[in-house]
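> need the 3D shape of this:
(2 chains)
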Amino acid sequence: EDQVTQSPEALRLQEGESSSLNCSYTVSGLRGLFWYRQDPGKGPEFLFTLYSAGEEKEKERLKATLTKKESFLHITAPKPEDSATYLCAVQGRSGTYKYIFGTGTRLKVLA
Amino acid sequence: EAQVTQNPRYLITVTGKKLTVTCSQNMNHEYMSWYRQDPGLGLRQIYYSMNVEVTDKGDVPEGYKVSRKEKRNFPLILESPSPNQTSLYFCASSAGGAGYGYTFGSGTRLTVV
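Next up, the predicted model:
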């Protein structure tokens, strides 16, 4: 069964304190791994798609990496506006275009 | 502006009173989906549609219905809502199933009393 586990559940950082969020996954053939950002009271906002192990994507202070078992979202020198919940999702090759979401990491960046 | 529009944003209803949550996208996306989001459970897929007149069950379809008569619209119907359907609902659309990210709506917070 396809599964996604994110850690930690919550993370508090000081402004400028770099860190990483983890997304471990089990899927029967990876079609894509996705990262989203969700602000309180809003829908998730798409950040990245990663397709194969070794791939990396960057956007401003965020960098996503992928191995065969997990993905990391690295946040470099975060700012308070980076505070949000970060969601990871996988799409397998099971024949349906279904995404399995993790429960997210709540990030709080303190000024 | 490219977007997914859901209505209403907030809804309080009573058990058993049929309701519809509307969803419309202006991006000509073929793929649309409904999710519910509950604390500790994350986003779970209710139904999805790969194109007009093509719909299928997600992980938690019980108590819900959908239809896809037009490409842009994908309403979610609760024929007889129950308190366990109290949740935050999101509609999402995508250009294609394989590897494309979703565009999500702003959400509908439903309370069934």
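
> which stretches of the chain form strands?
Went with chain A since none was named. For chain A, strands defined by DSSP state E occupy the ranges A:3-7, A:10-14, A:19-26, A:30-38, A:45-50, A:56-59, A:62-66, A:70-75, A:84-92, A:99-101, A:105-110.

> my bad, chain B
Counting by DSSP E, one finds strands in chain B at the ranges B:4-7, B:10-13, B:19-25, B:31-38, B:42-51, B:54-57, B:65-66, B:76-78, B:87-94, B:103-104, B:108-112.

> looking at the third one now, give me its mean pLDDT.
The average of the pLDDT scores along strand B:19-25 is 98.

> report whether it contacts chain A.
No. Strand B:19-25 lies apart from chain A when judged by CB under 8 Å from any CB of the partner chain; the minimum separation is 11.3 Å. Every C-beta, even on glycine, is put in place using the N, C-alpha and C of the backbone.

> same question, the longest one
Yes. Using CB under 8 Å from any CB, a contact is recorded between strand B:42-51 and chain A, made by B:Gly42, B:Leu43, B:Arg44, B:Gln45, B:Tyr48, B:Met50.

> packing partners for that strand?
Secondary-structure packing of strand B:42-51 (3 or more CB pairs under 8 Å, 6 or more residues apart in numbering or on different chains; DSSP states H and E): strand A:84-92, strand A:99-101, strand B:31-38, strand B:54-57, strand B:65-66.

> for the second one, the distance to its chain's centre please.
When distances are taken as CA atoms, centre = their mean, to the nearest Å, strand A:99-101 is centred 12 Å away from the chain's centroid.

> quick one: low-confidence parts of the chain?
If you meant another chain, say so; for now it's chain A. Low-confidence segments of chain A (pLDDT under 70): A:95-97.

> switch to chain B, please.
B:97-99.

> ok so, going back, to B:Phe90, which of the helices and strands packed on strand B:42-51 lies closest?
Among these, the nearest to B:Phe90 by CB to CB is strand B:31-38 (4.7 Å).

> circling back to that earlier point, could I get the helices and strands packed on strand B:42-51 in TSV, plus columns for distance to A:Thr76?
Conversion of these to TSV gives the following (distance: least, CB to CB, whole Å):
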stretch	distance to A:Thr76
strand A:84-92	14
strand A:99-101	25
strand B:31-38	28
strand B:54-57	40
strand B:65-66	41
